[in-house]
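predicted model and sequence follow; I will ask about them next.
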Amino acid sequence: MRRRKRRLNKKQQRLAEEGLAFVKPAVASFIKKNPDLRSAIRRVDMVSVAMQAVASAALTYDESKSLPTTYFGSSIRHALYRAVLTQVRQDGRFVVVEEIIDQTPSTSRTRANSRALQAIRMLSPYDRTLLEDRLVEGVTLEQLGYEQGVDPRTIKRRIQIAVERLRRAESQLP
């Protein structure tokens with residue numbers, strides 16, 4: 001199903017033009033922070049994905065809720081993650097969690113932390129990404145709903161289900 005193209009009004013166009021200043025630093029930061037995805041990153045046009053993210057963020061931005069830097073930055077970052085992970089899936093080489101999560105032993109890691117990491121590994125990639133976006137990155141339900149093309153209440157329910165799956169996975173661990 002193709003999405004209908006929406007035109008930006010004057011205010012949204014100004015916001016999008018201001019948001020373009022965030023593209024280059026966000027792409028550079030993404031590449032630097034994700035060396036494990038380097039081969040997939042090379043096959044994705046990061047700048048055009050980031051520019052599309054800026055345009056879609058300009059449509060949904062509400063200045064009473066967040067700062068432009070926060071909103072546009074997180075929108076760009078999530079679009080880049082989606083594009084790279086889609087590329088990895090299309091290549092038939094999905095990045096397993098063990099390669100993403102640091103497996104080196106640490107003296108600061110407690111037994112509860114290692115149980116939590118084991119439980120997180122048991123979740124599906126979609127659930128892990130959804131929980132990370134909402135709980136770690138602080139992306140709003142409205143933005144997640146817009147990105148996935150569903151109602152924010154649906155996203156809220158999916159997050160509740162993912163948290164419940166995480167609890168069940170943690171309770172099944174020895």
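Noted; the coordinates are in hand.

can you pull out the helices in this structure?
For the chain, the helices defined by DSSP state H cover 10-19, 23-33, 38-42, 46-60, 68-90, 97-100, 111-121, 125-131, 141-148, 152-172.

which of these has the lowest mean pLDDT?
Lowest mean pLDDT within these: helix 97-100, a mean of 42.

follow-up on the earlier one: can you put the helices of the chain in TSV and add mean neighbour count?
Where C-beta positions appear, they are placed from N, C-alpha and C, glycine not excepted. Formatted as TSV, the helices of the chain follow (neighbours: other CB atoms under 10 Å):
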stretch	mean neighbour count
helix 10-19	15
helix 23-33	15
helix 38-42	15
helix 46-60	19
helix 68-90	19
helix 97-100	12
helix 111-121	13
helix 125-131	17
helix 141-148	18
helix 152-172	14
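
and Arg77, how far is that from Pro174?
Noted for Arg77: a distance of 36 Å to Pro174, by CB to CB, to the nearest Å.

list the contacts of the closest residue to Gly138 other than its chain neighbours.
In space, and not counting its chain neighbours, Gly138 is closest to Ser74: 7.4 Å by CB to CB, 6 or more residues apart in numbering. Residues near Ser74 by CB atoms under 8 Å, 6 or more residues apart in numbering: 137-139, 143.

right, I'll leave it there.
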